[in-house]
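Peer 1: need a 3D model of the following:
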Amino acid sequence: MQVFHHVASLREALAEARSQGKSIGFVPTMGNLHDAHIELVKIAQQHCDMVVVSIFVNRLQFGLNEDWDKYPRTMEQDMARLRAVGCDFLFHPEESEIYPNGMDQQTRVVCPAMTDVLCGASRPGHFEGVTTVVAKLFNIVQPQKAVFGIKDFQQLAIIRRMVEDLCIPVEIVPAPVHRESDGLAMSSRNSYITPEERPRVAVLNRSLNRVREAIEQGRRDFAELEAEARKEIEDSGFQVDYFSIRNSRNLEPAAHDDREITVLGAMYTSAARLIDNVSLEL
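Peer 2: Model (predicted):
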């Protein structure tokens, strides 16, 4: 695995790979890699000849009171995992390399659609930071395909919209949610869950699946279903950020005759904010 800290040298290596007719796949991450990240790399390897993984904890997408300072940084472990899976290139830049003029002066990429609801409502500015850094990384790597996990469903929808709106020549490949044995979606922030909370956090996934099954069985009282799920989560001792039934394509509240529906939820443990979703087609 070749490791790069600078844009110019990474571009030079990728230009050489392209000159040999190699296709490039890309997996952007913030590090602290777990099995779900490795699955993204494997999916990229199935689609492309060579794979670039980036590790960059992007301060621009963290709010004022969020966990940028304590976000887990496990670089040596991450590199070992990437080498073991056969990753070709690792891009691990300093902040000054990504934001050479400082974040305050950085040109921003704003996707007005779908950013002020769900996670965007409780994390103002978050998705602006995501779209800005992903657009920069796409310009740096210039991949044919980029892999994003479905667990971050809203992020996936926004990235797809940004790519379409800005005519970026990259295909977005969705990757299934990778789960623990009890259904908990894998996340770098799962390390914040306390041992006392751990047996109970699967309530989020359970609630999502119960609502999905109810809709499949014909229920269309979406507001009542959302309320029932929120109560189930709260009764398990967690604070609900949101629980919402949405149109899968535009993230508008689901209509009774929508054929593609995604049920999304977010809740707070004592030190973590967990998100998850399930989708269905009717």
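Peer 1: please make it C-alpha for all contacts and neighbour counts, starting now.
Peer 2: OK.
Peer 1: which residues of the stretch 51-200 of the chain fall in strands?
Peer 2: Assigned by DSSP state E, counting those that start in this stretch, the stretch 51-200 of the chain shows strands spanning 89-91, 145-149, 171-175.
Peer 1: the last one vs strand 145-149, what angle?
Peer 2: Our comparison of strand 171-175 with strand 145-149, counting by axes from the mean of the first three to the mean of the last three C-alpha atoms, to 10 degrees, yields an angle of 30 degrees.
Peer 1: in its sheet, what does strand 171-175 sit against?
Peer 2: Looking at strand 171-175 with DSSP bridges, its partner strands are strand 145-149 (parallel).
Peer 1: quick one: residues in contact with the partner strand.
Peer 2: By C-alpha atoms under 8 Å, 6 or more residues apart in numbering, the surrounding residues in contact with strand 145-149 are 24-28, 40-41, 43-44, 47-48, 156, 170-177.
Peer 1: cool, and stretch 135-144?
Peer 2: Outside stretch 135-144, the residues that touch it by C-alpha under 8 Å, 6+ apart are 7, 10-11, 14, 23-26, 28, 52, 98, 109, 169-171.
Peer 1: let's go with 10 Å and repeat that
Peer 2: 7-8, 10-11, 14-15, 23-28, 47-48, 50-54, 91, 98-99, 108-109, 129-131, 133-134, 145-146, 159, 162-163, 166, 168-172 (C-alpha atoms under 10 Å, 6 or more residues apart in numbering).
Peer 1: buried residues in it?
Peer 2: For stretch 135-144, burial by neighbour count (16 or more other C-alpha atoms under 10 Å) applies to 135-138, 141-144.
Peer 1: show me the contacts for the closest residue in space to F222 that isn't next to it in sequence.
Peer 2: In this structure, F222 finds its nearest non-sequential neighbour in I245, 6.8 Å apart by C-alpha to C-alpha, 6 or more residues apart in numbering. Counting by C-alpha under 10 Å, 6+ apart, I245 touches 208, 211-212, 215, 222-223, 225-226, 251-255, 261-265, 277-279.
Peer 1: the closest residue to V51 other than its chain neighbours - how many residues pack around it?
Peer 2: Leaving out its chain neighbours, the residue that sits closest to V51 by C-alpha to C-alpha, 6+ apart is G25, at 4.6 Å. As a burial measure, G25 scores 27 neighbours (other C-alpha atoms under 10 Å).
Peer 1: any idea how far G25 lies from A146?
Peer 2: 6 Å (C-alpha to C-alpha, to the nearest Å).
Peer 1: okay, and the common contacts of the two?
Peer 2: Joint contacts of G25 and A146 (C-alpha under 10 Å, 6+ apart) are 41, 43-44, 47-48, 51-53, 170-171, 173.
Peer 1: restricting to C-alpha, output stretch 226-236 in PDB.
Peer 2: Taking C-alpha atoms only, stretch 226-236 is exported to PDB below (Å, rounded to 0.1, in the frame of the first residue of the first chain):
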ATOM      1  CA  GLU A 226     -43.400   7.200  14.500                       C
ATOM      2  CA  ALA A 227     -44.900   8.000  17.900                       C
ATOM      3  CA  GLU A 228     -45.000   4.300  18.900                       C
ATOM      4  CA  ALA A 229     -41.300   3.900  17.900                       C
ATOM      5  CA  ARG A 230     -40.300   7.000  19.800                       C
ATOM      6  CA  LYS A 231     -42.000   5.700  22.900                       C
ATOM      7  CA  GLU A 232     -40.300   2.300  22.600                       C
ATOM      8  CA  ILE A 233     -36.900   3.900  22.300                       C
ATOM      9  CA  GLU A 234     -37.600   6.300  25.200                       C
ATOM     10  CA  ASP A 235     -38.900   3.400  27.400                       C
ATOM     11  CA  SER A 236     -35.500   1.800  26.900                       C
END
